[in-house]
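Trainee: Sequence first, predicted model second:
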Amino acid sequence: MISVEEALLKIKENANDFNLTEIISLEKALGRVLAEDIFAPISIPPFRQSIMDGYAICSGENFDYKLVGETKTGESSDYELKSGEAIRIFTGAQVPETADIVVMQEHVKITADGIQLEKHYNSGENIRTMGEQIKEGEKSFLKGEVLNPSALGILLSFGVKEVNVLKKPTVSIIATGNELVDAGENLGQGQIYESNSHVISNTVKQKGFEVVSVSKVKDSLEDTENAIQKALLDSDIVLISGGISVGDYDFVGRALHNLKIEQIFYKVSQKPGKPLYFGKKDNKYVFALPGNPASTLTCLYIYFFELADLLMSRQEIGLTKIKFPISEALENNSGRALFLKAILKGDCVEILTHQNSSMLLSFARADALVFIPADITSVKKGEPVTSFLLPSQN
Ligand SMILES: Nc1nc2c(c(=O)[nH]1)N[C@H]1C(S)=C(S)[C@@H](COP(=O)(O)OP(=O)(O)OC[C@H]3O[C@@H](n4cnc5c(N)ncnc54)[C@H](O)[C@@H]3O)O[C@H]1N2
Ligand code: MOO
C-alpha cells in the first residue's frame, strides 16, 4: 500500500505520456490550453492610427493649417502633407506618414481655408504607432496559456481563424455491480439505486471534460473485460466504479490484468478510498474507483483532478489547498491518511458528522476535504489543517 503523496507523485510521473494536440476554430477555443507558442503574424495596430476625431497635421511654424483632404476610418491614407498642412481624420483612421500630430477637433477654430490650433501639441500626440501593442514576429502567447476572451480577441485581431490546442481527454464511465438498479425501476430486496455513474459524470463535466460513454455491467469477468476494452477504444480515460476490492465477485482487478493494463498503483493508505487503482495502456489511463459513493468522489477530486490538470498543462494542479485552524480536536487511529468532509465556518474549518465512505450526504454540504496525514494520530483544537477546497457545487 502506498501513501497519498506517493500516489500523487506516480500520477505526475505518468501524465506526460498523453500530450496530444488538435487544431480547432477560435469559436470553440474558449478555456482551451495552447499547445505551442504564438508569434504575431502582423503588428497590432497594423498601421499608424488616429486616437481622436480631429485633424492630422504636419506641424509647421505657427498655429494655422491649410486643410487639404480627409481620411475616413477604413481608408488608406497616402497624403504627402507639407509643413503647415492638415487633413480631416477620425478615430481609428490611418494617419499619413507625413503627419506627426492629431489635433482633437475640440481644440481648433475653423478658418477660411483650414483650421487654427487653440493650444500647443507635441509631436506624436494622439497617434498610435504601428506595433505599439505587439510587433510583428513578437512571441505573444506561450504554450500552456489558457485562452480567455481577451486572448481570443488578440488572436482574432491577428486575423487567425484556428489555433493549436492541447486535446481534451475524453472519458468513459463503467459502473459495476449486480445490486445496481436504475432510478425508475423497481427496487428488489438487496438492491440499491445506482448513483455513482452520475456523480462521476457530473464531476468529470465540472472539470470541463467530455463523457463519451456510460455503461453498467454485472459482476462477471467477461462482461467487465468487454466493457473496459470498449471504453478504452472510445476514450482516453476510463473511470470504473466498484468491484476493485478483494471479494469473490470483484472482477475489475482481474479484468484489467487480463487486458494487459499496466498497473501504476493499487491501494492507497487513505480513508476513504483505500482500494484505489491507477493504470495505463499506451496513452490511455484507467482509474478503478472504490464503489462506496464517498470513496468514489474523494478519489475523483484528489486523483482524477490531479491527472486532468496535468494532462491539460494547467498552472494550478488539483484542488486548491489552504490551511485553516480546526474547530475541534480529532484523533486518527486508522493508520491511514484521512480525507474528511468539512465546512468553513468563520476563520475555522469544521469536520462534519457522517464520514463513512458509504455516506454522500455530508459531501453534498461540504466546502472542503480536510487532509490528515497517516502519521498524525491527533490534532488539537485550533491547529491548522490542510484543507482541499471543493469546487463550487452548483
Ligand atoms: N475483505 C476486505 N473487504 C473490503 C476491503 C478490504 O480491504 N478487505 N476494503 C473495503 C473498502 S475500504 C472499500 S472502499 C470497498 C470497495 O469495494 P469495491 O470497490 O469492490 O466496491 P463494491 O464492493 O462494488 O461497492 C462498495 C459499496 O458501494 C456501493 N456501490 C457500488 N457501486 C455503486 C454505484 N454505482 N452506485 C451506488 N452505490 C454503489 C455498493 O453497493 C457497496 O455497498 O471494499 C471494502 N471491502
Ligand atoms: O477505503 Mo473504503 O473507501 O474506507 O470504504
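Mentor: Happy to help now that I have it. Ligands and ions are numbered 1, 2, ... in the order given.

Trainee: how about the host helix or strand of residue 202, does it get close to ligand 2?
Mentor: Following DSSP states H and E, one finds residue 202 within helix 196-206. No - for a cut-off given as C-beta under 6 Å from any ligand atom, helix 196-206 has no contacts with ligand 2; the smallest distance is 12.3 Å. Just so you know, the C-beta spots here come from the backbone N, C-alpha and C atoms, and that holds for glycine as well.

Trainee: who's in contact with that helix?
Mentor: Helix 196-206 is contacted by residues 171, 173-175, 211, 214, 216, 239, 241-242, 289, 291, 293, 296-297, 300-301, 304, 360, 391 when judged by C-beta atoms under 8 Å, 6 or more residues apart in numbering.

Trainee: The nearest residue to residue 149 once chain neighbours are set aside: what's it in contact with?
Mentor: Once flanking residues are discounted, residue 149 sits nearest to residue 30: 6.9 Å by C-beta to C-beta, 6 or more residues apart in numbering. By C-beta under 8 Å, 6+ apart, the contact list for residue 30 reads 147-149, 152.

Trainee: Could you pick out which of these are located in helices?
Mentor: 149, 152 (DSSP state H).

Trainee: now the contacts of residue 30 in TSV, with pLDDT?
Mentor: Shown next, in TSV, are the contacts of residue 30 (pLDDT from 0 to 100):
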residue	pLDDT
147	95
148	96
149	97
152	98
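
Trainee: Which of the contacts of residue 30 are buried? Put it as a PyMOL command.
Mentor: Entered in PyMOL, the line below selects the buried ones among those, by 16 or more other C-beta atoms under 10 Å:
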select buried, resi 147+152
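
Trainee: among the contacts of residue 30, which two are most distant?
Mentor: Spatially, the most separated pair among the contacts of residue 30 is 147 and 149, at 8.5 Å (C-beta to C-beta).

Trainee: Convert the C-alpha atoms of stretch 120-134 to PDB, please.
Mentor: In PDB, the C-alpha atoms belonging to stretch 120-134 read as follows (Å, rounded to 0.1, in the frame of the first residue of the first chain):
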ATOM      1  CA  HIS A 120       0.300  73.700 -28.500                       C
ATOM      2  CA  TYR A 121       0.600  70.000 -29.300                       C
ATOM      3  CA  ASN A 122       3.800  67.800 -29.100                       C
ATOM      4  CA  SER A 123       5.000  65.700 -31.900                       C
ATOM      5  CA  GLY A 124       3.300  62.200 -31.900                       C
ATOM      6  CA  GLU A 125       0.300  63.200 -29.800                       C
ATOM      7  CA  ASN A 126      -2.900  61.300 -30.400                       C
ATOM      8  CA  ILE A 127      -1.200  58.800 -32.800                       C
ATOM      9  CA  ARG A 128      -1.000  55.100 -32.000                       C
ATOM     10  CA  THR A 129       2.300  53.900 -33.500                       C
ATOM     11  CA  MET A 130       2.400  50.800 -35.600                       C
ATOM     12  CA  GLY A 131       3.100  47.700 -33.400                       C
ATOM     13  CA  GLU A 132       2.600  49.800 -30.300                       C
ATOM     14  CA  GLN A 133       0.900  46.800 -28.600                       C
ATOM     15  CA  ILE A 134       2.500  43.900 -30.400                       C
END
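
Trainee: how about that stretch: buried residues?
Mentor: Quick answer for stretch 120-134 (16+ other C-beta under 10 Å): 121, 126-128, 130-131, 134.

Trainee: Buried ones among the contacts of helix 196-206?
Mentor: 171, 173-175, 211, 214, 216, 239, 241-242, 289, 291, 293, 296-297, 300-301, 304, 360.

Trainee: Also within reach of ligand 2: list those from the residues you listed.
Mentor: Checking the buried ones among the contacts of helix 196-206 against ligand 2 (C-beta under 6 Å from any ligand atom), there are no matches.

Trainee: who's sitting farthest from the centroid in this structure?
Mentor: residue 112 (61.8 Å; C-alpha atoms, centre = their mean).

Trainee: mind listing the helices for the stretch 1-150 of the chain?
Mentor: 4-15, 149-157 (DSSP state H, counting those that start in this stretch).

Trainee: centre of the chain versus stretch 323-341, how much separation?
Mentor: The chain centre lies 30 Å from the centre of stretch 323-341; the measure is C-alpha atoms, centre = their mean, to the nearest Å.
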